[in-house]
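Student: No letters, just coordinates:
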Ligand code: GDP
Ligand code: MG
C-alpha cells in the first residue's frame, strides 16, 4: 500500500515495445528512444509531470515512474533481466505498468505472466494500437483483461492516445492494491510440480520477499542465483530436483520448455479468443520485402557500404562542409575584428595572441565543425530510428559469429560511432565475461564523433571531391581492424564460444521527428560542453607552451618554445609514417585529452586564424598520402582519457587501461606505416 500518498510505478516490457516513449510522455524527460533493442541499459527514474496533460499541478511530485531496461523474461541471463528483476523484487513498486507491443502480443504476454506471479498490482498497457488499427486488426479489451486477470488499457504511446487512462488505471490499482487475479496457468504435470515445490519452499520464499509460486516456477526452470538466495537445505534441493525430473518425464520435454509451453498455451488461448489479428500486416509485408534485400547474403554489406558512402559524401563533401565553412568564415571575421580592437586599444600582445590564437583560432576551429556533426548525426539517427541499424547489426551478427565473436557485440560497436564512453558502458548487457572483455577491446577502434573535426579539416584540405570516400575508407578500416583484433583475441587470449544471441528485427518505422530532434540536441549540447571545457583548457595549455620558452619568457620564435622541444622529441617516432614534424607530433599528443584537440592544436600551431586558413595551410605541410597516413593514425591510436578510464572501470583493472593505451598506439603505428609505405610503392615516391 502506498505510504504518504506517494506512488511508485515501474515500467516493464520487452525491448522496443515503447517503454521509453511512454516514459518521456509521462515525465517530460528526454531519454533516448531508439528503434533498436538494447538502448536503455540502466533504469531511469522521474516524477510524472504535474500541471501537464496527465496530472493536476497539486499532484506534482506524487508519482514517480521508473523506466526499466527491456526484457523478455525474468530469468537471470542478462544484465537487463537482473536489473529489472532485482528492482521489482527489492524496491517493491506500488504498481507495475507492463507495456506490451500489440503487434508482438504473445511475446509480450510471456513476460506478463511472469510479472503477474510477483503479486504486485499491475496493469497491461497494450501499445502500438495505432499500427494494429491501420492494419485492420482489433482487440476485445474486456475479454483479454478477463482472460489474463489484469486490467488492460489500449494505448499508442507515440500518439499520446490512452495515456491518461492508463495512468488513472495504474493509480487505481496501486491504491486499491489490486493484484493480478490469475497466477496459475499451468495444468497437468507442470501444475503438480509447481504446487509441490511451492509448498516446500514457501517459508524461504516469503523470507526473501517473493511469492512461493514465482519462486517455485523459477526454481523448476533452474535459476541458480535464486536457488542460492533461497538458502535451501540439501534435502530440499534434492526434493526439488526429483519433482522437476518427474515432471520432465511426464511432460516429455526438458524442464524449461515444459514451463514455457504452458505459458504459451495459456497465452495462445487468451489471444485466440480476444485478438483479431491482421493476416500479415501491410507493414510486415513491406518490411519482409525490404528485408529480403537489405539483409540478403550477397547484397546486405554492399548496400550498407553504399548507404554510408552517401551519408559521408553529403556530410563531408556537400552539406556539412558548406555549413562548416560558413561558420569558419564567421569566426575568421569576428576574430579579426576583435584582434583589431585589441591592437588598437594597445592591449598586451600576449593577451592579443591568447584571444586570437587560443580562443578564436583554436576553440573556434573545433566549433566550426558543429554543423557537420549535426548533419552526420541527423542521418545516423534516421538510420537508427527507421530500424535499419538493427538490420546492419543482423548482417554483421552472422558475419561475426563465423569469426567466433558474439553478435551481441555489434550493438556496443555501433554505439561506438557516437562516443566510446557510453558504448563501453553498454557492454554490461553482454551475458558472458569473455564476450564483454573482447567487446570492450574492440569498441575504441570504431571511429567516434570526436574524430569528425579531424576528418572534416583534412578531407577539405586534401581530398576535395573524394572526401566522402576517404572518410568511408577510414570507418571501414576501423571496423576491419576491430574484427581482426577480435579474431586474434578469440584465437589467442579468450578462447571459448560466444554466447548465442537472437537478434530480432523491429518493423521499419517512419523516423519520429521528435526523437531525432532530441538525439541531435543532446549531441550538440555534449559537443559544445566539451568545446568550452576540456578542449578549451587543452588548447590554452598548447598555446601557453608554444608562446613561452623554458624560462617563461615569450619565445622569440616557435622553434624556441617549450612545445617545440617536447614535440621535437616525439617527432622522430612518426617520421617513418610520413609526418615526423614537431607540429603533428604535438597534435597527436594533445589528442589524448580529446580527439577534437588535434584540430584546435593544429590551428594554434600553424598560426591559422580559422578552419578555413588551417585548411589552406595544411597542403603546404603534408602530401595527400602523408595526410591519409596521419588520418589512419588518428583513427586507431589510443582513445581519449575519458574512454581509457571507463575501460579501466569496466574491466576492474587499471592494468587493462594501460595495456590498451600501449596496444592501440602500436596498432595505429603499424597500420599507418603499412598504409604509408604501400602508398609510396604505388605512387612510386
Ligand atoms: P523501448 O525500447 O521499449 O524503450 O522502446 P522505445 O520507446 O525506444 O520505442 C521503440 C520504437 O517504437 C520507437 O521507434 C518508437 O518511436 C516506436 N513507438 C513507440 N510507441 C509507439 C506507438 O504507440 N505507435 C507506433 N507506431 N510506434 C511507437
Ligand atoms: Mg528504452
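Tutor: Looks like it came in fine. Quick caveat, the model's predicted, so the values are computed rather than measured. Ligands and ions are numbered 1, 2, ... in the order given.
Student: From here on, just use CA atoms for contacts and neighbour counts.
Tutor: Noted.
Student: Check the gap between the closest residue to ligand 1 within the stretch 401-550 of the chain and residue 381 for me.
Tutor: Ligand 1 sits closest to residue 512 of the stretch 401-550 of the chain, with a gap of 5.7 Å, by CA to the nearest ligand atom. To residue 381, residue 512 is 10 Å away according to CA to CA, to the nearest Å.
Student: More neighbours: which of the two?
Tutor: The residue with more neighbours, out of residue 512 and residue 381, is residue 381; 21 against 16, by other CA atoms under 10 Å.
Student: Can you tell me how far the more buried one is from residue 393?
Tutor: Separation of residue 381 from residue 393 (CA to CA) stands at 15 Å.
Student: try residue 554
Tutor: From residue 554 to residue 393 the distance is 54 Å (CA to CA).
Student: Could you chop this structure up by domain?
Tutor: Using automatic domain parsing, the domain ranges for the chain come out as 7-176, 188-276, 302-683.
Student: Nearest to residue 295, out of these?
Tutor: Nearest to residue 295 among the domains of the chain is domain 302-683 (6.0 Å), distances taken as CA to CA.
Student: Quick one: end-to-end distance for the closest one.
Tutor: 28 Å.
Student: Wondering if that domain reaches ligand 2 at all.
Tutor: No - using CA under 5 Å from the ion, domain 302-683 stays clear of ligand 2, coming no nearer than 11.8 Å.
Student: Which residue, other than its chain neighbours, is closest to residue 527?
Tutor: Computed as CA to CA, 6 or more residues apart in numbering, the closest residue to residue 527 that is not its neighbour in sequence is residue 370, at 7.7 Å.
Student: What distance do you get for that neighbour to residue 218?
Tutor: Applying CA to CA, the value for residue 370 to residue 218 is 51 Å.
Student: can you check residue 115 too?
Tutor: Distance from residue 115 to residue 218, counting by CA to CA: 12 Å.
Student: same thing with residue 406?
Tutor: Residue 406 is 27 Å from residue 218, where distance means CA to CA.
Student: the more surrounded of those two?
Tutor: Shown here are residue 406 and residue 218; by other CA under 10 Å, residue 406 has more neighbours (25 against 21).
Student: Just list the residues touching residue 9, thanks.
Tutor: By CA atoms under 8 Å, 6 or more residues apart in numbering, residue 9 lies in contact with 63-66, 93-97, 170.
Student: so how many other residues sit close to residue 526?
Tutor: Here the number of neighbours of residue 526 (other CA under 10 Å) works out to 11.
Student: meant to ask about residue 234
Tutor: A count of nearby residues for residue 234, using other CA under 10 Å, gives 8.
Student: What of residue 452?
Tutor: Neighbours of residue 452 under the rule other CA under 10 Å: 23.
Student: Over to residue 66?
Tutor: For residue 66, the neighbour count with other CA under 10 Å is 22.
Student: Contacts only, for it.
Tutor: Taking CA under 8 Å, 6+ apart, we find residue 66 in contact with 8-11, 23, 43-46.
Student: Restricted to helices, list those.
Tutor: Those of these mapping onto helices are residue 23, per DSSP state H.
Student: May I see the contacts of residue 66 organised as CSV, with distance to residue 292 and pLDDT added?
Tutor: Below are the contacts of residue 66 laid out as CSV (distance: CA to CA, whole Å; pLDDT from 0 to 100):
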residue, distance to residue 292, pLDDT
8, 44, 89
9, 41, 91
10, 38, 92
11, 34, 93
23, 34, 90
43, 35, 67
44, 36, 77
45, 39, 79
46, 41, 78
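Student: got JSON lines for the contacts of residue 66, with distance to ligand 2 too?
Tutor: Formatted as JSON lines, the contacts of residue 66 follow (distance: CA to the ion, whole Å):
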{"residue": "8", "distance to ligand 2": "19"}
{"residue": "9", "distance to ligand 2": "16"}
{"residue": "10", "distance to ligand 2": "13"}
{"residue": "11", "distance to ligand 2": "10"}
{"residue": "23", "distance to ligand 2": "9"}
{"residue": "43", "distance to ligand 2": "9"}
{"residue": "44", "distance to ligand 2": "9"}
{"residue": "45", "distance to ligand 2": "12"}
{"residue": "46", "distance to ligand 2": "14"}
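Student: So which of the contacts of residue 66 are in strands?
Tutor: Mapping the contacts of residue 66 onto strands (DSSP state E) picks out 8-11, 44-46.
Student: contacting residues for residue 614?
Tutor: Taking CA under 8 Å, 6+ apart, one finds 457, 602-603, 606, 608 in contact with residue 614.
Student: Just the element for it, please.
Tutor: Taking DSSP states H and E as the criterion, residue 614 maps to helix 611-617.
Student: What is the subsequent helix or strand relative to that helix?
Tutor: Going down the chain from helix 611-617, the next helix or strand is helix 624-636, by DSSP H and E.
Student: Which elements pack onto that following helix?
Tutor: Contacts defined by 3 or more CA pairs under 8 Å, 6 or more residues apart in numbering; DSSP states H and E place helix 624-636 against helix 452-458, helix 467-488, helix 654-683.
Student: Just say which of the ones you listed is most tucked in.
Tutor: helix 452-458 (a mean of 24; mean count of other CA atoms under 10 Å).
Student: Which residue comes closest to residue 395 once chain neighbours are left out?
Tutor: Counting by CA to CA, 6+ apart, residue 395 lies nearest to residue 295, which is 6.0 Å off, once chain neighbours are set aside.
Student: What about residue 265, how many residues nearby?
Tutor: By other CA under 10 Å, neighbour count at residue 265 equals 14.
Student: Let me know the pLDDT of it.
Tutor: According to the per-residue confidence, residue 265 scores 88 in pLDDT.
Student: on that earlier part again, so which of residue 554 and residue 393 has more stuff around it?
Tutor: With neighbours defined as other CA under 10 Å, residue 554 and residue 393 compare such that residue 393 has more, 24 against 17.
Student: Would you check that the more buried one makes contact with residue 410?
Tutor: Yes - taking CA atoms under 8 Å as the definition, residue 393 is a contact partner of residue 410 at 5.9 Å.
Student: how close does whichever residue of the stretch 251-400 of the chain sits closest to ligand 1 get to ligand 2?
Tutor: Nearest to ligand 1 in the stretch 251-400 of the chain, going by CA to the nearest ligand atom, is residue 385, at a distance of 5.3 Å. Distance of residue 385 to ligand 2, given as CA to the ion, to the nearest Å: 12 Å.
Student: can you give me the strands for this structure?
Tutor: Per DSSP E, the chain carries strands over the ranges 7-13, 44-47, 63-67, 95-101, 122-127, 138-139, 152-154, 275-276.
Student: Just put those strands in TSV and tack on distance to ligand 1.
Tutor: Output for the strands of the chain, formatted as TSV (distance: least, CA to the nearest ligand atom, whole Å):
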stretch	distance to ligand 1
strand 7-13	7
strand 44-47	11
strand 63-67	8
strand 95-101	8
strand 122-127	5
strand 138-139	15
strand 152-154	10
strand 275-276	18
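Student: In the stretch 551-685 of the chain, what residue lies closest to ligand 2?
Tutor: Per CA to the ion, residue 650 is where the stretch 551-685 of the chain lies closest to ligand 2, at 22.1 Å.
Student: That residue and residue 439: what is the separation?
Tutor: Applying CA to CA to residue 650 and residue 439 gives a distance of 11 Å.
Student: cool, and residue 406?
Tutor: Counting by CA to CA, the gap from residue 406 to residue 439 is 9 Å.
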